[in-house]
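In: give the three-dimensional model of this entry:
(2 chains)
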Number of protein chains: 2
Amino acid sequence: MAGIRMVGFDADDTLWRSEDYFRAAQDEFEQIVGRYVDIDDVADRLYAIEKANIALFGYGVKGMALSMVEAAVTITDARISASDVHRIVGLAKTLLQHPVELLPGIRDAVEAVAGAFEIVLITKGDLFHQEQKVRDCGLADLFRRIEIVSEKDVSTYRRLLEEFDCPAEAFAMVGNSLRSDIAPVLTLGGWGVHVPYHLTWAHETEAEVAADAPRLRVVASADALPEALRSIHEAAAGA
Amino acid sequence: MAGIRMVGFDADDTLWRSEDYFRAAQDEFEQIVGRYVDIDDVADRLYAIEKANIALFGYGVKGMALSMVEAAVTITDARISASDVHRIVGLAKTLLQHPVELLPGIRDAVEAVAGAFEIVLITKGDLFHQEQKVRDCGLADLFRRIEIVSEKDVSTYRRLLEEFDCPAEAFAMVGNSLRSDIAPVLTLGGWGVHVPYHLTWAHETEAEVAADAPRLRVVASADALPEALRSIHEAAAGA
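Out: Modelled structure (predicted):
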């Protein structure tokens, strides 16, 4: 085998901060709704509605905001005021306007990896918002392809690898989500580098990947990425 | 010149019905809000808010729904009830679940054009919703590429034509929107076939294209498309 030929990077919470802002919005949502009801499962009830709406709304800020509006009405038994609903729409606007904040060490790590392999960016969510962040992140020129997809599952990665003309065995994906970045690529016979983030949306933890799965490396931070990929490259070359 | 090599098709209101459903949602919105205020410029005030939000939300149903929620709060001076806000979110869900309805004659027209030229689909809006419609429309296999973009302007078409490796002079775009389908392609030196739809969102009419612009054809319905493209092909070959 020729080793690794191409490395894919996830974006949200891998290249730049994202879940922190979603979590802050959710905290504000809980405060707004908390003025109407005294219950401790607001977060669970919001997540249940978000999850039920994914099939219609997909991922991203706008879908989250519509689910929040719906959850606010339901949770308060339709007592929430119009002004508070307006504040919830405002949470979405704040999220969409947040400047891109790269994670520590990521610029050096991506540049080092780009020096050794072809790299591509594979991110899911809202096309408009993701394009904005890609444009603003200052790393876009390093990537050979930038793919914004609506779902990151086995069939998406299969299609992309065909388009890239890259066999799965020669592809490694770097990301913070076991569900979206690691599990489907391992299933296809590719390699994964899991970089856990300190916050993970419940949805993205719903995956079963053994910590000792073959072709998986786990690193604690961006500066360990180049070495992890070198080691994967050698293992793939020897396979 | 070798004539036309590639034909691009718009999707919403060119291949399938879309604006009718948006308009129905807007009518419902006006009825909901009309129970709180007696004014006749609800549609204008909604459009003003939608337009101001495009830079943040982009196009599509979810952004429209968030703008509607915001407009409902503003227009009613925050008097709108939570239940009515919930109904507005419901309008978005109805729109997103609407089955794809091809326009009369479009299947035959697209098949005929695909027999003569390479065809591509270029549509803007929400990635998730557009992918759903493309999957359900039954025409996807005819297109060599399907491009869902966040904006259809000169720079988008320039990038796509580079990716397609097709000079603008050999490209014709078919669509209902002068602003998004015709004007930018003509600007680049390409050809346009305008198929006006009986309803057009105010935003899409904001373009200046002379009715007698060179390299533009206007047809009344899908069945005139193959002939219009043949005539463009001959004109391009003779240019």
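In: could you list the domains of chain A?
Out: In terms of domains, chain A is parsed into A:6-16+A:100-238, A:19-97 (source: automatic domain parsing).
In: now those domains as a markdown table including distance to residue B:170?
Out: Heads up, the C-betas are built off the backbone N, CA and C, glycines and all. Listed next are these as a markdown table, based on distance: least, Cβ to Cβ, whole Å:
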| stretch | distance to residue B:170 |
| --- | --- |
| domain A:6-16+A:100-238 | 24 |
| domain A:19-97 | 35 |
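In: and the longest strand seen in chain A, anywhere near chain B?
Out: Identified as the longest strand of chain A according to DSSP state E is strand A:118-124. No. Counting by Cβ under 8 Å from any Cβ of the partner chain, no contacts exist between strand A:118-124 and chain B, the nearest distance being 8.9 Å.
In: roughly how far apart are residue A:103 and residue A:76?
Out: Summarising the geometry, the distance separating residue A:103 from residue A:76, computed by Cβ to Cβ, to the nearest Å, is 36 Å.
In: and what of residue A:202?
Out: For residue A:202, the distance to residue A:76 (Cβ to Cβ) stands at 22 Å.
In: so if I had to pick from the two, which one is more boxed in?
Out: Per other Cβ atoms under 10 Å in any protein chain shown, whichever of residue A:202 and residue A:76 has more neighbours is residue A:76, with 18 against 11.
In: now the residue of chain A positioned farthest from its centre, nearest residue through space, not along the chain?
Out: Using Cα atoms, centre = their mean, the residue of chain A lying farthest from its centre is residue A:79. It sits 34.0 Å away. Beyond its immediate neighbours in the sequence, the residue positioned closest to residue A:79 (Cβ to Cβ, 6 or more residues apart in numbering or on different chains) is residue A:36, lying 5.3 Å away.
In: got it, and residue A:130?
Out: Closest residue to residue A:130 in three dimensions, ignoring its sequence neighbours and counting by Cβ to Cβ, 6+ apart: residue A:148, at 4.7 Å.
In: who does the one you found bridge with?
Out: Taking DSSP bridges, one finds residue A:123 as the beta-bridge partners of residue A:148.
In: from what I can see the residue nearest to residue A:79 touches residue A:76, true?
Out: Yes. Counting by Cβ atoms under 8 Å, residue A:76 is a contact partner of residue A:36 at 4.0 Å.
In: on that earlier part again, C-alpha coordinates for the longest strand of chain A, CSV please?
Out: Listed in CSV are the C-alpha atoms of strand A:118-124, where the atom choice follows Å, rounded to 0.1, in the frame of the first residue of the first chain:
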residue,chain,number,x,y,z
GLU,A,118,-3.6,16.7,0.1
ILE,A,119,-6.2,18.0,2.5
VAL,A,120,-10.0,18.6,2.1
LEU,A,121,-12.6,20.2,4.3
ILE,A,122,-15.8,18.3,4.9
THR,A,123,-18.4,20.0,7.0
LYS,A,124,-22.1,19.6,7.5
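In: list the helices and strands it packs on?
Out: Taking 3 or more Cβ pairs under 8 Å, 6 or more residues apart in numbering or on different chains; DSSP states H and E as the contact definition, the neighbouring helices and strands of strand A:118-124 are strand A:6-9, helix A:127-137, strand A:145-149, helix A:154-164.
In: just the ones you listed: most buried one?
Out: The densest packing among the helices and strands packed on strand A:118-124, expressed as mean neighbour count by mean count of other Cβ atoms under 10 Å in any protein chain shown, is seen in strand A:6-9 with a mean of 25.
In: partner strands of that one, parallel or antiparallel?
Out: strand A:118-124 (parallel), strand A:171-175 (parallel).
In: what parts of chain A come near chain B?
Out: Contacts of chain A with chain B, taken as Cβ under 8 Å from any Cβ, map to A:56-59, A:62-63, A:65-66, A:69-70, A:72-74, A:76, A:78-83, A:85-86, A:89, A:92-93, A:96-97, A:126-129, A:131, A:148-150.
In: what's the closest of the helices and strands packed on strand A:118-124 to residue A:32?
Out: If you check each of the helices and strands packed on strand A:118-124 against residue A:32 by Cβ to Cβ, helix A:127-137 wins as the nearest, at 22.5 Å.
In: the closest one to strand B:145-149, inter-axis angle?
Out: Computed with axes from the mean of the first three to the mean of the last three Cα atoms, to 10 degrees, the direction of helix A:127-137 lies at 80 degrees from that of strand B:145-149.
In: CA atoms only for helix A:127-137, dumped as PDB, please.
Out: Provided in PDB are the C-alpha atoms of helix A:127-137 (Å, rounded to 0.1, in the frame of the first residue of the first chain):
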ATOM      1  CA  LEU A 127     -24.600  26.100   3.400                       C
ATOM      2  CA  PHE A 128     -24.800  29.900   3.800                       C
ATOM      3  CA  HIS A 129     -23.300  29.900   7.400                       C
ATOM      4  CA  GLN A 130     -20.600  27.400   6.700                       C
ATOM      5  CA  GLU A 131     -19.500  29.200   3.500                       C
ATOM      6  CA  GLN A 132     -19.300  32.400   5.600                       C
ATOM      7  CA  LYS A 133     -17.100  30.700   8.200                       C
ATOM      8  CA  VAL A 134     -14.900  29.000   5.600                       C
ATOM      9  CA  ARG A 135     -14.400  32.400   3.900                       C
ATOM     10  CA  ASP A 136     -13.500  34.100   7.200                       C
ATOM     11  CA  CYS A 137     -11.300  31.400   8.700                       C
END
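In: can you check the pLDDT for residue A:180?
Out: Note on residue A:180: pLDDT of 95.
In: can you give me the helices for chain A?
Out: Assignment of helices within chain A using DSSP state H yields the ranges A:19-34, A:42-57, A:61-75, A:82-97, A:106-116, A:127-137, A:154-164, A:183-187, A:225-238.
In: low-confidence ranges, chain A, go.
Out: Along chain A, segments meeting pLDDT under 70 span A:1.
In: and stretch A:217-231, how far out from the chain's middle?
Out: The offset between the C-alpha centroid of stretch A:217-231 and the centroid of the whole chain comes to 18 Å, using Cα atoms, centre = their mean, to the nearest Å.
In: identify each buried residue in it, please.
Out: Going by neighbour count (16 or more other Cβ atoms under 10 Å in any protein chain shown), the buried part of stretch A:217-231 is A:217, A:218, A:219, A:222, A:224, A:225, A:226, A:228, A:229, A:230.
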